[in-house]
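*Asks:* Here is my input; please provide its structure:
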Amino acid sequence: MNLPDCQTLLLAKQDGVLHITLNRPDSRNAMNLNMLEELIEVLTCASGDPQLRAIVLRGADGHFCAGGDIKDMANARAMGKSAYTQLNRHFGRLLEQAEQQPQVLVVVLEGTVLGGGLGLACVSDIALCLETARFGLPETSLGVIPAQIAPFVVKRIGLTQARRLALTAARFDGAEALQLGLVHHSAKDAAQLQAHLDRYLKQIRQCAPQANARTKALLLACGEQSMHSLLDQAAEAFAESVTGAEGAEGTQAFIQKRAPSWANNQLG
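*Replies:* Purely as a prediction, here's the structure:
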């Protein structure tokens, strides 16, 4: 996978993991149109790499993401209502793409996690945060709505809590984010946060990349179609996996009492 040149993102690939850092620290990594388009390009590029195990998304200089860039909103005003519609929906496409990403998406949340930043957290597979991180949906306090974010927040934490947070624009910390089920671990300090990340990446590397991708697709399809058709598709996916290269390698590794090749990083 050849990584694109980016102005708003820092990219690094190591041991089958792509590390993406939102890098607009002067605005607490608020997402402008350029960052949005670069994220879509990077995720599209990554989706075609079958050897990539995970994507780690975090922010530079102690903040994850302060949401959308107000300057972009101001510029869109001069172009009329349709420009707002297109800009907003473009962000929704990013959330859809990130949620469906075949790799395991891990977010590391520090400092500000507001609006669109919270939306990105809600589409992750694994979310880790500092206890001191500050979360919230401030849109209604600004006279606008969390249009593209709200459905993903509901999926993540349920309608009752989503209504409370969206309709009060309340801020909350990492401990409450853990209680809500928004994140999986809330760390006391940076060292503990890194330890959680290292542990999860080690676990992910024990799993076959394509098996993980198929499993993620199956999990995301739950509730989206009838159980009968879902199980039909799951049976086809199982047959493909067990007769494929990963299934053969996993079976042989078990019989030979050794680690499979992907666990030795031979795929990444």
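*Asks:* Point out where the chain drops to low pLDDT.
*Replies:* 74-78, 265-268 (pLDDT under 70).
*Asks:* And the helices in it?
*Replies:* Listed in chain order, the helices found in the chain under DSSP state H are 33-47, 70-77, 81-100, 116-122, 150-157, 159-168, 174-180, 190-204, 209-221, 227-243, 245-255.
*Asks:* now the angle from the last one to helix 227-243?
*Replies:* This means helix 245-255. Between helix 245-255 and helix 227-243, the angle comes out at 70 degrees (axes from the mean of the first three to the mean of the last three C-alpha atoms, to 10 degrees).
*Asks:* And helix 245-255, what does it pack against?
*Replies:* Of the remaining helices and strands, those touching helix 245-255 by 3 or more C-beta pairs under 8 Å, 6 or more residues apart in numbering; DSSP states H and E are helix 209-221. Just so you know, the C-beta spots here come from the backbone N, C-alpha and C atoms, and that holds for glycine as well.
*Asks:* For the helix it packs on, which residues meet the burial criterion?
*Replies:* Within helix 209-221, the residues that qualify as buried are 209, 210, 211, 212, 213, 214, 215, 216, counting by 16 or more other C-beta atoms under 10 Å.
*Asks:* Can you tell me which of the residues you listed is nearest residue 73?
*Replies:* Nearest to residue 73 among those is residue 216, at 33.0 Å by C-beta to C-beta.
*Asks:* Please name the residues that touch the residue nearest to residue 71 when sequence neighbours are not counted.
*Replies:* Nearest non-adjacent residue to residue 71, counting by C-beta to C-beta, 6 or more residues apart in numbering: residue 32, 6.9 Å away. Residue 32 makes contact with 8, 24, 68, 69, 71, 72, according to C-beta atoms under 8 Å, 6 or more residues apart in numbering.
*Asks:* Mind picking the one among those residues that's closest to residue 185?
*Replies:* Nearest member of the contacts of residue 32 to residue 185, counting by C-beta to C-beta, is residue 24, at 26.1 Å.
*Asks:* re the thing from before, in a markdown table: the buried residues of helix 209-221, plus distance to residue 90.
*Replies:* Converted to a markdown table, these look like this (distance: C-beta to C-beta, whole Å):
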| residue | distance to residue 90 |
| --- | --- |
| 209 | 29 |
| 210 | 30 |
| 211 | 32 |
| 212 | 28 |
| 213 | 25 |
| 214 | 29 |
| 215 | 29 |
| 216 | 24 |
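*Asks:* show me the contacts for the most far-flung residue of the chain relative to its centre.
*Replies:* Centroid-distance maximum for the chain: residue 256 at 36.0 Å, with C-alpha atoms, centre = their mean. With C-beta under 8 Å, 6+ apart as the criterion, no residue contacts residue 256.
*Asks:* on that earlier part again, now list the buried members of the contacts of residue 32.
*Replies:* 8, 24, 68, 69, 72.
*Asks:* Do I have it right that residue 128 meets residue 113?
*Replies:* No. Residue 128 is not in contact with residue 113 according to C-beta atoms under 8 Å; the separation is 11.6 Å.
*Asks:* Report the separation between residue 242 and residue 262.
*Replies:* Counting by C-beta to C-beta, to the nearest Å, the gap from residue 242 to residue 262 is 16 Å.
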